[in-house]
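give me a 3D structure for the following:
(one chain, ligands or ions: 2)
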Amino acid sequence: MGTMKTLFLLTLTSTFFFSTFSQEASVFSRQANLETYIVFVEKPENLLESNLHDWYTTFLPETTSSLSSNQPRIVHSYRNVITGFAARLTPQEAKAMEQKEGFIAARVQRSFSLHTTLTPKFLGLPRRPTKLGAWNASNYGEGVIIGMIDSGIKYDHASFSDKDMPPPPSKWRGRCDFNGKQTCNNKLVGARSFVSTARGTDLPWEESYHGSHTSGIAAGCPVDGANVFGQANGTAMGIAPRAHLAMYKACGDFCDEGDALAAIDAAIDDGVDVLSISLGPPHPFPFYNDGVALGTFRAIQKGIFVS
Ligand SMILES: *[C@@H]1O[C@H](CO)[C@@H](O)[C@H](O)[C@H]1NC(C)=O
Ligand SMILES: *[C@@H]1O[C@H](CO)[C@@H](O)[C@H](O)[C@H]1NC(C)=O
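Ligands and ions are numbered 1, 2, ... in the order given. Coordinates of the predicted model:
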C-alpha cells in the first residue's frame, strides 16, 4: 500500500508539475493564510541523508516565529519520492524561499480524488441521479433480452434475482431446462444446454463460472455490499441491469463449434435481441471458414445485435 501510494504521488508529480506550475504561481499573490506547499529543492552532493530534515528546515523563513500558529511548519520531509518537503507557509514566505541556495520550486499542494475502475462511470453512466445520460435514455436495458452463448449459469446467484423486474416481452419463446425445476424468473428468462459430449452436464448449470461472470457483466441486477474479503465493497451491477438474460450453454471447459452453432440457432428462434458471445478459436479463421462468424452474420441479418 505504501509503495503504491508513493508511486502514485511520484507519477502525478512528474506529470503535472511542469505543465501547471506557472498557472499556480498566481496563487502566491492572492492567498494570505497558511497553506501546505510542496517545496522542491536540490540536495548538495555532500549532504548525508540523515541530515536531510535539518537541511530542509533551513529553507523556512525567519518570519516563522512571528506567526501565532504553534503547529510545526514542516508537514513531511521526503527522502525518496522527491528531494524536498511539504510545509505550511504563507505566499510571501514561499516567495521568499526563492532566494535560497538549492531552491527549485514551491507550489500549493493539490487535492486528489480517489479513482476506481468502474466501467459505467468510465462510460459516463451515472447510477444517481437516475434521470440523466445514456442509461436513462436506454431505460437500463428494460425490455431487452440478452442471449448468452457460454458455459451455463448459477441461477441462484444474487445478480440474477428478479426483484422489480417485469416479465419478458410477449414475443419471448425461450424456456428453462433445469430438470423441471422452477429456476428461471423475470431476470433469467431462459436456460438451455447444447453440450453434446459426455464431459459436461446436460443442464445449463455453471461449472466453470465463466457464464455467470459474463452474464453478470451484461445484465446483473444491482447487488449492494458486494466485496472480496471486505475489499472493494460496493454495488455490483451489469451494464444493462433491467435487461433479461437467457443462457445458451455451449461450453464446459471448452466449446465445440457444433454446440455453439446449435446454441446460436436456438437463441435466434427464441427471440433474443442481443447475442453476447465471449468465446473463440486460439487464432482467427477467415470469416467464410468460421462457423460462429457465419452464424452471427445470419443473426445480424435478423436484427439481432451481436457482441
Ligand atoms: C429519462 O428517460 C425518460 C424515459 O425514456 C425520458 O422521458 C426522460 O426525458 C429522460 N430524462 C432525461 C433527463 O434525459
Ligand atoms: C459494505 O457496505 C455496506 C453499505 O455501506 C455495509 O452495510 C456493509 O457492512 C459493508 N460490508 C463490508 C464487508 O464492509
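
list phi and psi for Leu52.
phi -60, psi -50 (degrees, to the nearest 10).

neighbours of it, how many?
Leu52: 18 surrounding residues under other CB atoms under 10 Å. The C-beta positions use only the backbone N, C-alpha and C, and glycine is treated the same way.

that one and Pro44 touch, don't they?
No: taking contacts as CB atoms under 8 Å, Leu52 lies outside contact range of Pro44: 10.5 Å.

what touches both of those two?
Residues within reach of Leu52 and of Pro44 at once, by CB atoms under 8 Å, 6 or more residues apart in numbering: there are none.

pretty sure Leu47 sits against Tyr56.
No: checked against CB under 8 Å, the pair Leu47 and Tyr56 is beyond contact range at 10.5 Å.

more neighbours: which of those two?
More crowded of Leu47 and Tyr56, by other CB under 10 Å: Tyr56, with 21 against 13.

what does the pLDDT read for Tyr248?
We have a pLDDT of 96 for Tyr248.

count of neighbours near it?
For Tyr248, the count of nearby residues is 32 (other CB under 10 Å).

contact partners for the closest residue to it other than its chain neighbours?
In this structure, Tyr248 finds its nearest non-sequential neighbour in Ala263, 3.7 Å apart by CB to CB, 6 or more residues apart in numbering. Taking CB under 8 Å, 6+ apart as the contact definition, Ala263 lies against Ile149, Arg192, Phe194, Tyr248, Lys249, Ala250.

which of those residues sits closest to Ala86?
Closest approach to Ala86 among the contacts of Ala263 (CB to CB): Ile149, at 55.0 Å.

dig out what the closest one forms beta bridges with.
Taking DSSP bridges as the rule, Ile149 bridges to Tyr248, Ile277.

what about Thr57, distance to Arg73?
Distance of Thr57 to Arg73, given as CB to CB, to the nearest Å: 8 Å.

the two: which is more packed in?
Neighbour totals were compared for Thr57 and Arg73, and Arg73 leads with 20 against 15 (other CB under 10 Å).

centre of the chain to stretch 212-232, how far?
Here stretch 212-232 is found 12 Å from its chain centre; the criterion is CA atoms, centre = their mean, to the nearest Å.

again with stretch 168-187
31 Å.

can you give me the buried ones in that stretch?
Going by neighbour count (16 or more other CB atoms under 10 Å), the buried part of stretch 168-187 is Pro168, Trp172, Gly174, Cys176, Asp177, Phe178, Thr183, Cys184, Asn185, Lys187.

what helix or strand is the closest residue to ligand 1 within the stretch 51-200 of the chain on?
Nearest residue of the stretch 51-200 of the chain to ligand 1 (CB to the nearest ligand atom) works out as Asn136 at 3.8 Å. Using DSSP states H and E, Asn136 maps to helix 133-137.

could I get the pLDDT score of Tyr155?
pLDDT, Tyr155: 92.

would you say it is within a helix?
No: with DSSP: H, G, I helix; E, B strand; the rest coil as the criterion, Tyr155 is assigned coil and is not in a helix.

which one is it nearest to, not counting chain neighbours?
Nearest to Tyr155 is Thr183, by CB to CB, 6+ apart, at 4.4 Å.

my read: that neighbour touches Cys176, true?
Yes: in this structure, Thr183 is within contact of Cys176 by CB under 8 Å, at 6.2 Å.

give the residues shared as contacts by the two.
When contacts are counted by CB under 8 Å, 6+ apart, Thr183 and Cys176 are jointly contacted by Ala191.

could you export the helix or strand harbouring Ala218 as PDB, CA atoms only?
Ala218 is part of helix 210-219 when elements are defined by DSSP H and E. Written as PDB, here are the backbone C-alpha positions of helix 210-219 (Å, rounded to 0.1, in the frame of the first residue of the first chain):
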ATOM      1  CA  HIS A 210     -17.400 -18.100 -16.900                       C
ATOM      2  CA  GLY A 211     -21.000 -17.900 -18.000                       C
ATOM      3  CA  SER A 212     -22.200 -16.400 -14.600                       C
ATOM      4  CA  HIS A 213     -19.400 -13.800 -14.900                       C
ATOM      5  CA  THR A 214     -20.300 -12.700 -18.400                       C
ATOM      6  CA  SER A 215     -24.000 -12.700 -17.600                       C
ATOM      7  CA  GLY A 216     -23.500 -10.600 -14.500                       C
ATOM      8  CA  ILE A 217     -21.400  -8.100 -16.600                       C
ATOM      9  CA  ALA A 218     -24.100  -7.900 -19.300                       C
ATOM     10  CA  ALA A 219     -27.300  -7.700 -17.200                       C
END
